[in-house]
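Dropping the sequence and predicted coords here.
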Amino acid sequence: MLPTVADVLALDAVRRGNPKVVAGADRLDLRVRWVHVGEVTDIARLLRGGELVLTTGVALPDDPRTLADYVRALAAVGASGLIVELGRKFIGELPSIAVKAAEEQGLPLITLTRETPFVQITESVHARIIDIQLEELRASEHLHEVFTELSVEGASTGEVISQVARLSGKPVLLENLAHQVLACDAAGRDIGALLAGWESRSRAVAPQTRTAYDSASGWLVTMVGARGQDWGRLIILQDRPPAPRDIVLAERAATTLALGRLLERHQESLERQAHGTIIHGILAHAYADPGEAEARAHAVGVSLTGRNLISLILRLTEVPDALALDEQDRLSELAEATAAACREARMPALIGTLDRNRVAVLLPLPPRTTAEDALTTLADRLRATFASEFILAAGSTVDSVKDVRRSFLEAEQVSDAAIRRPDGRPYYRLPDLRLRGLLHLLRNDARLQTFAERELAPLLAYDAQHGGDLTGILRVYLDSGRNKVLAAQRAHLSRPAFYDRLRRLERILGTDLDDVESCLSLHVALLALDSFRGENR
């Protein structure tokens, strides 16, 4: 970090001149980017900001007003200070008008009462600046090496966070856009105290740039994401304003986390990789023409053309014990067993893993075969050969590749609901899940988190600050179909008291609770908040 004016005044080369601060004593923390010796009155036009100007004053104007303008011009261009050697132009002290102008402009003004070779001052300061820059460059290079190695080795999120904590010596947290902590290294601090009231504290810190230091909380915050899609924030708890190295550390770690999320892939067979790539392409709209997806599928032996298509999601329900294969190996086995069951039933299908928890299947239905018959056959054959417990969830039947994504979304909703309460059925369908299932499916989507934050952030912040539960009042009101009488009864409040809370809600949220569309948005946001928190209200 660049030296301050106070650091420069502490140098031996400056102290030999017996420096005296005559103005701007409260601004000695300004950083000095360079030292500039100048004996011209229009020197301000030559500066770029951050310079400490040294002068004997021999060329400075005699006119007091012009002298004051000279000082103001230095302050206007962002000079970090002015040092004047007395004895040649000014004897004993500087004109009061110059001192007054410097004080008004917040420009540190220093006099030297002894003759001092300016070259010694410039050499000392510049040597220190260069040493600092070299140190920062070496530190930056070291950080680059550390995080490049982490990226190459495929380090987990927890390993990256722990490395940041070790390098900084400070607590480090990774949160999502709903202000939920995804990973944390307390760096020796009490983790309970560190996370206490985290959501409300985090909501209060809202920097306007991608990387910023919040002085009120002492947090260094940087956004985490790639390809223009942010999904979280990396936070380092500082005990002082960050040095450049701290900022480089935070941003390099955020890049590593984003890259890791993009590159995370599974170890599986070449066939499963090929099938998974096609499924991912369909879901991500990577194919501009549905015919391209059909051609790619046909190339791996699965015909999608002219067929009814049904999307399936399979998930393991057992918690592995210490002697079992790890979860990813078991999921790969489930994918291979599903492929074998489809071959035995003569139902060629695209089968690949979507992530660490789910196997995806795109099943073209054979002619004159109903979805129910195909699902029953597949479930029976798979359960006869695969020992671990799993759930099979199905989306709607569609007749075109362009509608497959919708079918997969439905299957994912079903799987998310069924995995929590499996009841042993051969397979699960969509009918009863509705909006809650959809929001649960999308709970990790940054767009949904952003929507919920936009709708509810003022209310959640108010409750956190005042220790109230107006959010609960809003929930009761919306769950009661906006029937104020019924809602007041359910809230165990008198009607006047309940109506008063509704008016307070309207002021906080800046909305009309009699407006149907506004209430709909708020209700969806509350359901989304439940899905983020894993609550069932």
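Right, received. Where do you want to start?

out of everything not next to it in sequence, what's closest to residue 354?
In this structure, residue 354 finds its nearest non-sequential neighbour in residue 360, 4.7 Å apart by Cβ to Cβ, 6 or more residues apart in numbering. In this view, the C-beta of every residue, glycine as well, is placed from N, C-alpha and C.

Contact partners for that neighbour?
276, 279, 311-313, 350-354, 408 (Cβ atoms under 8 Å, 6 or more residues apart in numbering).

Residue 51: what's it in contact with?
Contacts of residue 51 by Cβ under 8 Å, 6+ apart are 32-36, 79-80.

Could you dump these into JSON lines and include neighbour count?
Converted to JSON lines, those look like this (neighbours: other Cβ atoms under 10 Å):
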{"residue": "32", "neighbour count": "22"}
{"residue": "33", "neighbour count": "18"}
{"residue": "34", "neighbour count": "17"}
{"residue": "35", "neighbour count": "21"}
{"residue": "36", "neighbour count": "17"}
{"residue": "79", "neighbour count": "26"}
{"residue": "80", "neighbour count": "28"}
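
Ends of stretch 46-63, what's the gap?
22 Å (Cα to Cα, to the nearest Å).

which of the residues in that stretch are buried?
47, 50-57, 60 (16 or more other Cβ atoms under 10 Å).

Tell me the one of those nearest residue 261?
residue 50 (38.3 Å; Cβ to Cβ).

Could you check how far the closest one is from residue 38?
15 Å (Cβ to Cβ, to the nearest Å).

Could you do residue 31 as well?
19 Å.

just residue 256 next, same as before
Residue 256 is 45 Å from residue 38, by Cβ to Cβ.

Among these two, which residue is more densely surrounded?
residue 256 (24 against 17; other Cβ atoms under 10 Å).

Just the element for the more buried one, please.
helix 244-263 (DSSP states H and E).

Pull out the buried positions in that helix.
Neighbour-count burial for helix 244-263 [16+ other Cβ under 10 Å]: 245-258, 260.

Of all these, the one with the weakest confidence?
pLDDT across the buried residues of helix 244-263 is lowest for residue 260, at 77.

That residue against residue 155, yeah?
Yes: using Cβ atoms under 8 Å, residue 260 makes contact with residue 155 at a distance of 6.9 Å.

tell me what the helix ranked longest in the chain is packed against?
For the chain, the longest helix by residue count, based on DSSP state H, is helix 118-152. For helix 118-152, the elements it packs on are helix 5-9, helix 12-15, strand 34-37, strand 51-55, helix 157-168, helix 244-263, judged by 3 or more Cβ pairs under 8 Å, 6 or more residues apart in numbering; DSSP states H and E.

chain center to it: distance?
Chain-centre distance of helix 118-152: 28 Å, with Cα atoms, centre = their mean, to the nearest Å.

try stretch 28-48
39 Å.

likewise stretch 456-473?
With Cα atoms, centre = their mean, you get 23 Å for stretch 456-473.

what comes up buried for that stretch?
Buried residues in stretch 456-473 (16+ other Cβ under 10 Å): 456, 458-460, 462-464, 470-471, 473.

export the residues you listed to a markdown table and tack on distance to residue 221?
Shown next, in a markdown table, are the buried residues of stretch 456-473 (distance: Cβ to Cβ, whole Å):
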| residue | distance to residue 221 |
| --- | --- |
| 456 | 21 |
| 458 | 20 |
| 459 | 23 |
| 460 | 19 |
| 462 | 22 |
| 463 | 23 |
| 464 | 18 |
| 470 | 27 |
| 471 | 25 |
| 473 | 32 |
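
Nearest to residue 192 among the residues you listed?
residue 464 (18.1 Å).

Tell me if I'm right that the closest one and residue 179 touch.
No: Residue 464 is beyond contact range of residue 179, at 10.6 Å (criterion: Cβ under 8 Å).

Next, count neighbours for residue 145.
By other Cβ under 10 Å, neighbour count at residue 145 equals 10.

that older thread, what do residue 464 and residue 179 both touch?
Joint contacts of residue 464 and residue 179 (Cβ under 8 Å, 6+ apart) are 199, 203.

Map the structural domains onto the sequence of the chain.
Following automatic domain parsing, the chain resolves into domains at 5-126, 154-263, 270-433, 446-533.

Next, format those domains as TSV and append distance to residue 147.
Below are these laid out as TSV (distance: least, Cβ to Cβ, whole Å):
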stretch	distance to residue 147
domain 5-126	27
domain 154-263	5
domain 270-433	23
domain 446-533	23
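
Tell me which of these sits nearest to residue 140.
Short answer: domain 154-263, nearest of the domains of the chain by Cβ to Cβ, at 5.2 Å.

The domains of the chain: which one's closest to residue 138?
domain 154-263 (9.8 Å).

ok, now how distant is residue 45 from residue 84?
19 Å.

Pairing partners for the strand or helix carrying the residue nearest to residue 354, with directions?
Residue 360 is located in strand 358-364, with elements delineated by DSSP H and E. Paired strands of strand 358-364, with direction, are strand 309-316 (antiparallel), strand 350-353 (antiparallel) (DSSP bridges).

If you count neighbours, what's buried in the longest helix of the chain?
For helix 118-152, by 16+ other Cβ under 10 Å, it's 118, 121-122, 124-125, 128-129, 136, 139, 143, 146-147, 150-151.
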